[in-house]
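S.K.: I'd like to go over a predicted model; first the sequence, then the structure.
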Amino acid sequence: MSRYSRRKILQVSGALAGGGALTRLSIRPADASLAMMEEAVRKAIGNAPIEKGKVKLDLPPLVENGNSVPCTVSVDSPMTATDYVKAIHIFNEKNPQPNVISVKLGPRAGRANFSTRIRLADTQTVTAIAEMSDGTCWSDDIYVIVTLAACVEDPKP
Amino acid sequence: MIGRALIHVPATAKRGDVIEIKTLVSHIMETGYRIGVTGQPIPRDIIDDFVCTYNGEEVFRATFYPAVAANPFISFFTVATENGTLAFSWTDQQGATRVQTAQIKVE
């Protein structure tokens, strides 16, 4: 697991000059903290209040390989010209970046449902938020245990 | 580089039916967070935009972030309204685009 280059390690230890420098080697790169996630959510949907319900996020609760996790979001909506889902966003807490995917749909979709495969860097909560045509936002979240994390394996030499 | 795409669209459908479309495109989706053998970070290389149009009208669009797995798979739904062409286009962060189409016959 070469998360840090030798140069970076030297920079960090140099900056700390002695003493506790070695303990710093175990720090991880900045994760998408809750604050970052909140910021990303607000950037995507604005200031609308988010309520629980209507959205169903489907992920396996125990993931063996975080590099490719099947993921389905479905939203309870009639998908008519006046009442439809505008957008669905997926966010995570602990990957290096809080956004996962954002999709835009409309009445032409017929069913507010999509599937994809995502990467998860750690055991964490994944959240899906749906924006409706009337401006309301609904969400669902799921706690996922990841045994092999994405993004940490060494690349092929 | 965006590789070959596999697309599944039903060949025929009844007017008004909700049909499922599945697409898979070959792409490395390098996150930019991994360190290479030389100790330098491997630069990010991702597809960031996917659009599906039905006879020219946009029916589905997705924005991908590095957390989308390699070889992005996406499945979604649309209403079969008329005979025509479904066009799928993937655009990577350099702006290169791959477009592939599928025909649908609506009765």
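M.R.: Done, it's in.
S.K.: Show me the domain layout of chain A.
M.R.: A:1-29, A:31-146 (automatic domain parsing).
S.K.: Helices of chain A, residue ranges please.
M.R.: Per DSSP state H, chain A has helices spanning A:6-16, A:34-45. These are given in chain order.
S.K.: Mind telling me what element the residue most central in space within chain B is part of?
M.R.: In chain B, the centroid-proximal residue (Cα atoms, centre = their mean) is residue B:50; its distance is 4.7 Å. Using DSSP states H and E, residue B:50 falls within strand B:47-54.
S.K.: helices or strands next to that strand in the packing?
M.R.: Packing partners of strand B:47-54 (3 or more Cβ pairs under 8 Å, 6 or more residues apart in numbering or on different chains; DSSP states H and E): strand B:18-25, strand B:57-64, strand B:73-79, strand B:84-92. C-betas here are computed from N, CA, C, even on glycine.
S.K.: Name the residues that touch the first one?
M.R.: If I follow you right, that is strand B:18-25. By Cβ atoms under 8 Å, 6 or more residues apart in numbering or on different chains, the residues outside strand B:18-25 that reach it are A:110-111, B:2-10, B:13, B:47, B:50, B:52, B:60, B:71-80, B:86, B:88, B:90, B:98, B:104.
S.K.: now the end-to-end length of stretch B:57-74.
M.R.: Terminal residues of stretch B:57-74 are spaced 19 Å apart (Cα to Cα, to the nearest Å).
S.K.: Show me the one of the domains of chain A that comes nearest residue B:34.
M.R.: For the domains of chain A, proximity to residue B:34 was assessed by Cβ to Cβ; domain A:1-29 is nearest, at 9.0 Å.
S.K.: hmm, back to that, need the domains of chain A in TSV with mean pLDDT, distance to residue B:66 and mean neighbour count, can you?
M.R.: Below are the domains of chain A laid out as TSV (pLDDT from 0 to 100; distance: least, Cβ to Cβ, whole Å; neighbours: other Cβ atoms under 10 Å in any protein chain shown):
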stretch	mean pLDDT	distance to residue B:66	mean neighbour count
domain A:1-29	50	13	11
domain A:31-146	93	6	18
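S.K.: Quick one: those domains as a markdown table, columns for distance to chain B too.
M.R.: Below are these laid out as a markdown table (distance: least, Cβ to the nearest Cβ, whole Å):
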| stretch | distance to chain B |
| --- | --- |
| domain A:1-29 | 4 |
| domain A:31-146 | 4 |
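S.K.: Quick test: name the residue nearest the centre of chain A.
M.R.: Chain A has residue A:92 as the residue nearest its centroid, 2.4 Å off, counting by Cα atoms, centre = their mean.
S.K.: Quick one: the strands in chain A, in order.
M.R.: For chain A, the strands defined by DSSP state E occupy A:50-52, A:55-58, A:62-63, A:69-75, A:85-92, A:99-104, A:113-118, A:124-132, A:137-146.
S.K.: any chance of these in JSON lines, plus distance to residue B:29?
M.R.: Listed next are the strands of chain A as JSON lines, based on distance: least, Cβ to Cβ, whole Å:
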{"stretch": "strand A:50-52", "distance to residue B:29": "28"}
{"stretch": "strand A:55-58", "distance to residue B:29": "21"}
{"stretch": "strand A:62-63", "distance to residue B:29": "18"}
{"stretch": "strand A:69-75", "distance to residue B:29": "14"}
{"stretch": "strand A:85-92", "distance to residue B:29": "15"}
{"stretch": "strand A:99-104", "distance to residue B:29": "12"}
{"stretch": "strand A:113-118", "distance to residue B:29": "10"}
{"stretch": "strand A:124-132", "distance to residue B:29": "18"}
{"stretch": "strand A:137-146", "distance to residue B:29": "18"}
